[in-house]
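**Q** Fold the following.
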Amino acid sequence: MKKVMVMFMTVIMIMSFMTCGFAATDLITVKSNIDNVTTENKYFVISGEGQPDTYVKLILNDQLNDKWVIGDTGLFARLIRLVLGDNYITLKATKNGEEQIVKGHIKLEYKDGVLQITVNTLKDLLDILFK
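**A** Presented below is the predicted three-dimensional model:
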């Protein structure tokens, strides 16, 4: 009877260690603060890290904005262009059938009644004037 109890306890301990060993980890971790942020800059960088070979889709205001595969370094950074008002961000990460979704909200506001714009080229100026 003692041997059966020892064997039973050993099996229970091995099973509990195996369960802990296979616990799911995040596919990506976003380092930029994207949770209810207010800004006056129309450009925003989303950066973070993730497991190599993870496929990531960046969805901005319900439209696919960018997609990429995380490289060997595990680091990523993407520049997005915000629209005036509310901007809703969704990052969908997938790898080996696992999926992780990270959501955020960034609000672009006027500064002192004037919208700040950054123009690098004549084309950018024309795009802003004729939108």
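**Q** All the helices of the chain, residue numbers only.
**A** Along the chain, counting by DSSP state H, helices occupy 2-21, 122-129.
**Q** which one of those has the lowest average pLDDT?
**A** Of all the helices of the chain, the minimum mean pLDDT falls on helix 2-21 (a mean of 54).
**Q** my read: residue 101 touches residue 89, true?
**A** No - taking Cβ atoms under 8 Å as the definition, residue 101 is not a contact partner of residue 89, at 10.9 Å. From N, CA and C alone the C-beta is placed, and that goes for glycine too.
**Q** more crowded one of the two?
**A** Neighbours were counted for residue 101 and for residue 89 using other Cβ atoms under 10 Å; residue 89 has more, 23 against 13.
**Q** Nearest spatial neighbour of the more buried one, chain-adjacent residues omitted?
**A** Once flanking residues are discounted, residue 89 sits nearest to residue 104: 4.2 Å by Cβ to Cβ, 6 or more residues apart in numbering.
**Q** quick one: contacts for that neighbour?
**A** With contacts defined as Cβ atoms under 8 Å, 6 or more residues apart in numbering, residue 104 is in contact with 30, 34-35, 37, 88-91.
**Q** and these, which of them are in strands?
**A** 30, 37, 88-91 (DSSP state E).
**Q** and those, which are buried?
**A** Burial by neighbour count, 16 or more other Cβ atoms under 10 Å: within the ones in strands among the contacts of residue 104 this picks out 30, 89-91.
**Q** export those residues to a markdown table and tack on distance to residue 122 and pLDDT?
**A** Shown next, in a markdown table, are those (distance: Cβ to Cβ, whole Å; pLDDT from 0 to 100):
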| residue | distance to residue 122 | pLDDT |
| --- | --- | --- |
| 30 | 35 | 95 |
| 89 | 30 | 97 |
| 90 | 34 | 97 |
| 91 | 33 | 97 |
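**Q** and those as a markdown table, adding distance to residue 54?
**A** As requested, those are exported to a markdown table (distance: Cβ to Cβ, whole Å):
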| residue | distance to residue 54 |
| --- | --- |
| 30 | 13 |
| 89 | 17 |
| 90 | 15 |
| 91 | 11 |
